[in-house]
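In: Below: sequence and its predicted model.
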Amino acid sequence: MTLHQTNPAHAQPIVEGLTRQVAEFVVDTKLSDLPAEVVELGKKSILDGIGLALSGSVAKSGEHIRDYLTGLGIKEGPATVIGTSLKVPPRFAAFANGVGIHADDYDDTQLAVAQDRVYGLLTHPTAPALPAALAVAEAGRRSGADMMLAYHLGVEVECKIAEAINPRHYQHGFHATATCGTYAAAAAASKLKGLDVEQVVRAFGCAGSQSAGLRENFGTMMKPFHAGRSSESGVVAADFAKLGWTTTDKILEAPRGFFQAAGGGFDAGAITGKLGHPWTFVFPGVSIKPHPSGSLTHPGMTELLRLIREHGIKAADVERVDVGTNQNMPNALIHHRPKNELQAKFSMEFCMAILLLDGRGGLPEFTDEVVERPDVKAMIERVNFHVHPEAEAAGYDKMTTIIDIHLKDGRTVSGRADFGKGSPANPMSYDECADKFRGCAEFARWDRAKTEAIVAMVRRLEAVGDIRELTGLCA
């Protein structure tokens with residue numbers, strides 16, 4: 001693999017054969033190549049993803065998805081729409097379950113390495129990768145081990161692509177879960193379909209032309225649609241590659257390819273030779289959310305809860321709360337006066353207000369009814385969300401959040417957090433993830449016996465002979 005330069009005016013490196021290198025990683029990697037630590041970390045995210053698909057199935061978007069699929073006349077297929085009785089072709093199961101996992105913005109998040117990458121704003125790795133892997137594995141009656149390997153390959157490809165593309169990609173409006181996630185699903189589906197290197201290269205070429213999604217739609221149903229469509233598009237890409245569909249063989253690295261068109265370039269050193277070295281699950285890690293809101297709210301929510309409990313703070317005692325972050329965080333947390341539950345997920349003001357008022361921020365708190373409460377609206381007015389020079393200086397590879405709670409008695413209680421609960425710096429155990437899963441299942445009114453069986457089965461996923469044992473519990 002040789003490194004060249006394009007037109008000096010652009011000075012953008014081209015890594016010849018990069019797309020092929022990624023395809024070779026997908027084809028050549030075996031489950032035995034995954035360190036035990038990676039396997040166990042992945043189980044937490046897989047369990048988390050299934051739980052979120054369950055809770056997402058009762059969201060308004062879930063109802064719309066079922067109406068859409070029914071309207072298409074799709075009445076049977078080999079793949080499960082989690083939380084429903086629907087069985088559909090794999091591409092549509094991937095779509096529906098991807099939307100479900102991302103519906104509440106409660107799913108896991110890739111963390112950044114470089115300081116110019118916005119920490120926590122790269123991509124949601126499981127939402128595109130897991131639905132594709134589950135759907136294709138179920139249709140092919142594959143084992144839990146096969147599904148798990150495909151999932152890990154999808155996550156690794158997605159995260160390394162997201163790490164490599166220039167930060168402009170996200171900053172100028174692309175949603176990386178939608179764009180990079182398409183490659184995740186293509187990798188997972190290609191592995192399970194047994195595609196060779198040439199076919200995987202073509203699957204990536206097909207994925208690249210389907211890759212889309214804009215951040216302007218954050219706070220609406222289109223955000224989870226992005227995750228579902230990227231998962232579906234990856235399955236479609238693998239299907240067409242297997243048929244013999246032709247595409248470019250350099251979709252990632254070409255001057256008119258994905259990295260240049262969508263990001264204006266990329267860091268070759270972030271992806272060349274880096275797939276599985278180290279695995280993203282090990283470093284820099286994947287963060288699992290304790291709250292159903294944008295990941296950038298989590299350090300502040302973690303710290304505010306700590307301050308409330310340590311100092312016995314009550315909402316009636318609060319005059320004002322100042323919340324300071326770096327400049328990239330307000331660029332994503334754009335709804336300062338949210339009007340519904342989806343906007344509230346991207347509102348630092350709401351997240352602070354609901355913790356002060358109710359002492360918790362879970363699925364029951366992120367509803368339209370709660371957002372419209374007069375006391376919530378009044379408390380939001382007391383939250384001042386701003387750019388803080390100390391947080392800005394800390395770098396974008398952190399989500400530094402500085403909180404100053406000004407009390408009516410004249411005291412000020414302050415705190416700072418760079419990372420939230422669920423991050424690699426403060427991780428959730430499998431048991432804690434299981435508790436979150438139980439909360440999602442309960443929210444979906446799921447059968448308790450099935451709930452506990454899923455928790456136990458994912459813990460021993462590599463020993464499951466037929467993935468339909470798992471998906472059957474989700475239907």
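Out: Perfect, I can see it now. Residues are numbered from 1 along each chain as shown.

In: how about the residue lying closest to Tyr151 once chain neighbours are set aside, what does it touch?
Out: Leaving out its chain neighbours, the residue that sits closest to Tyr151 by CB to CB, 6 or more residues apart in numbering is Ala133, at 4.2 Å. The way it works is simple: take the backbone N, C-alpha and C, and place the C-beta from them, glycine included. Residues counted as contacts of Ala133 (CB atoms under 8 Å, 6 or more residues apart in numbering) are 147-148, 150-151, 154, 188-189, 192.

In: For the residues you listed, pick the one with the most neighbours.
Out: Highest neighbour count within the contacts of Ala133, by other CB atoms under 10 Å: Ala188, with 36 neighbours.

In: tell me which strands and helices the helix or strand harbouring that residue is in contact with?
Out: Assigned by DSSP states H and E, Ala188 belongs to helix 176-192. Contact partners of helix 176-192 among helices and strands, from 3 or more CB pairs under 8 Å, 6 or more residues apart in numbering; DSSP states H and E: helix 18-28, helix 90-102, helix 126-139, helix 144-164, helix 168-171, helix 197-210, helix 222-243.

In: Would you format those helices as CSV with mean pLDDT included?
Out: Shown next, in CSV, are the helices and strands packed on helix 176-192 (pLDDT from 0 to 100):
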stretch, mean pLDDT
helix 18-28, 98
helix 90-102, 98
helix 126-139, 98
helix 144-164, 97
helix 168-171, 89
helix 197-210, 98
helix 222-243, 98
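
In: quick one: the helix holding Ala188 to chain centroid distance?
Out: For helix 176-192, the separation from the chain centroid amounts to 12 Å (computed by CA atoms, centre = their mean, to the nearest Å).

In: Identify the residue spatially nearest to the residue sitting nearest the centre point of the chain, adjacent ones excluded.
Out: Central residue of the chain (CA atoms, centre = their mean): His124, 1.7 Å from the mean position. For His124, ignoring the flanking residues on the chain, the nearest one in space by CB to CB, 6+ apart is Thr177 at 4.5 Å.

In: quick check, Glu319 in a helix?
Out: No: the assignment for Glu319 (DSSP: H, G, I helix; E, B strand; the rest coil) gives strand, which keeps it out of a helix.

In: I'd say it and His406 touch.
Out: Yes: counting by CB atoms under 8 Å, Glu319 does reach His406; the two are 4.7 Å apart.

In: which of those two has more neighbours?
Out: When Glu319 and His406 are compared for neighbours, His406 comes out ahead with 17 against 13, by other CB under 10 Å.

In: contacting residues around that one?
Out: Taking CB under 8 Å, 6+ apart as the criterion, His406 is in contact with 318-322, 412.

In: List buried residues within the residues you listed.
Out: Burial by neighbour count, 16 or more other CB atoms under 10 Å: within the contacts of His406 this picks out 318, 321-322.

In: quick one: Ala394 and Asn326 touch, right?
Out: Yes: applying CB under 8 Å, one finds Ala394 in contact with Asn326, separated by 6.9 Å.

In: gap between the nearest residue to Gly361 once chain neighbours are set aside and Asp322?
Out: Spatial nearest neighbour of Gly361, chain neighbours left out: His291 (4.6 Å); criterion: CB to CB, 6+ apart. Using CB to CB, to the nearest Å, His291 is found at 20 Å from Asp322.

In: Glu442 too?
Out: Distance, Glu442 to Asp322, by CB to CB: 36 Å.

In: One more: Arg168?
Out: 30 Å.

In: do the same with Ala53
Out: From Ala53 to Asp322 the distance is 37 Å (CB to CB).

In: Show me the shaky parts of the chain.
Out: 1-14, 115-121 (pLDDT under 70).

In: And stretch 91-104, what's buried?
Out: 91-104.

In: what do you get for stretch 183-199?
Out: In terms of neighbour count (16+ other CB under 10 Å), stretch 183-199 has its buried residues at 183-193, 195, 197, 199.

In: Identify, from those residues, the entry nearest to Gly300.
Out: Ala184 (28.7 Å; CB to CB).

In: Report the spatially nearest residue to the closest one, omitting neighbours in sequence.
Out: Glu158 (3.4 Å).

In: got a list of what the one you found touches?
Out: 110, 123, 125, 128-129, 180-181, 183-184, 187.

In: Recalculate using a threshold of 10 Å.
Out: Contact analysis of Glu158 by CB atoms under 10 Å, 6 or more residues apart in numbering lists 110, 122-129, 176-177, 179-188, 230, 234, 280.

In: tell me the domain ranges of the chain?
Out: Under the assignment automatic domain parsing, the domains of the chain span 3-289+432-473, 295-417.

In: okay, those, which one's buried deepest?
Out: Most buried of these by mean neighbour count (mean count of other CB atoms under 10 Å) is domain 3-289+432-473; its value is a mean of 22.

In: Distance from that one to the middle of the chain?
Out: Distance, centroid of domain 3-289+432-473 to centroid of chain: 9 Å (CA atoms, centre = their mean).

In: ok so His406 is a strand residue?
Out: Yes: assigned with three-state DSSP, His406 falls within a strand.
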